[in-house]
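Chemist: Sequence first, then the predicted structure:
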Amino acid sequence: MALISSRTILTSLSLFHLTLSFLFLTNPTAISDQSIVSLLGDSLALPPSRSFDVPSPALAFLSFLLAFLAISDLATLSYPDEISLITHWGTQAPLRVSICFSLSIYSFFFSPSSPIFYHHDESAKSRFVNHPNMHQALNNNPGYVPSGWGGDALKNRVFFTFVFVETMAWFWTWVTLGEEQQGILARAARERAKRRGSGSF
């Protein structure tokens, strides 16, 4: 038996998305200035993004998408557990883990601070890691060449933090759903048997 139920985790995730939606719409700097964003960004030398300094049409659109996602996810919890938690979220949770994990890998390993762009040049890597301002050193990375497509905008600390947290949360949801599956199916079987029994009189 899980300490925290999957329904509670899914409700919390939906409320988290609603909170992010509100902040992206009204005060995006409250997100980019969070300590976890700074911690992960500084530890991985991910560049900051000035796009979160002021509200913008792109952030408003992102806010709408997050709110739409959160409300849709909350609506699925109104179904019986057998349909909602087993059928729907049993598919959605591993899918979202895979997507968020892939995006977190892309955001770091294809960013200017990625070690794969040093071509095993240890002296260049050492100069970068020991640079007093790592974000200034990003411009001097000898192996990194921007690809020129829109995906370059995803290589920043805010996006990486978001998909990293999402990966952890959805993996936790997936594991919890697996632990609860037998109990949910057993309860559903008992309810069906009870309905059949009451219908025979």
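Modeler: Thanks, I have the structure now.

Chemist: Show the average pLDDT along the helix or strand harbouring residue 75.
Modeler: Assigned by DSSP states H and E, residue 75 belongs to helix 57-76. Averaged across helix 57-76, pLDDT comes to 96.

Chemist: ranges for the helices of this protein?
Modeler: 6-26, 29-32, 35-43, 57-76, 81, 89-109, 122-129, 134-137, 157-199 (DSSP state H).

Chemist: Spatially central, which residue of this structure would that be?
Modeler: Nearest to the mean C-alpha position of the chain, by C-alpha atoms, centre = their mean, lies residue 166 at 2.3 Å.

Chemist: what sits against that residue?
Modeler: Residues in contact with residue 166 (C-beta atoms under 8 Å, 6 or more residues apart in numbering) are 96, 100. From N, CA and C alone the C-beta is placed, and that goes for glycine too.

Chemist: Check residue 170 too.
Modeler: Counting by C-beta under 8 Å, 6+ apart, the residues that residue 170 touches are 13, 93, 96-97, 100.

Chemist: low pLDDT regions in this protein?
Modeler: 1-2, 115-150, 199-201 (pLDDT under 70).

Chemist: quick revisit: out of the contacts of residue 170, which is nearest to residue 49?
Modeler: Comparing the contacts of residue 170 against residue 49 with C-beta to C-beta places residue 100 closest, at 18.5 Å.

Chemist: Give the burial count for the closest one, as a bare number.
Modeler: Neighbour count for residue 100, taken as other C-beta atoms under 10 Å: 20.

Chemist: In this model residue 160 seems to touch it, though I could be wrong.
Modeler: No - using C-beta atoms under 8 Å, residue 100 is not in contact with residue 160; the gap is 10.7 Å.

Chemist: Please check the contacts of residue 170 and keep the buried ones.
Modeler: 13, 93, 96-97, 100 (16 or more other C-beta atoms under 10 Å).

Chemist: so which of those comes closest to residue 193?
Modeler: residue 93 (28.5 Å).

Chemist: Tell me who's in contact with the closest one.
Modeler: 170, 173-174, 177.

Chemist: that older thread, how about the contacts of residue 170 in TSV, adding distance to residue 5?
Modeler: Formatted as TSV, those follow (distance: C-beta to C-beta, whole Å):
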residue	distance to residue 5
13	13
93	14
96	18
97	18
100	22
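
Chemist: Run a quick neighbour tally on residue 85.
Modeler: By other C-beta under 10 Å, neighbour count at residue 85 equals 24.

Chemist: Grab the two from the contacts of residue 93 that are most spread out in space.
Modeler: 170 and 177 (10.2 Å).

Chemist: for the helices of the chain, which one sits closest to residue 51?
Modeler: That would be helix 57-76 among the helices of the chain, by C-beta to C-beta, at 7.3 Å.
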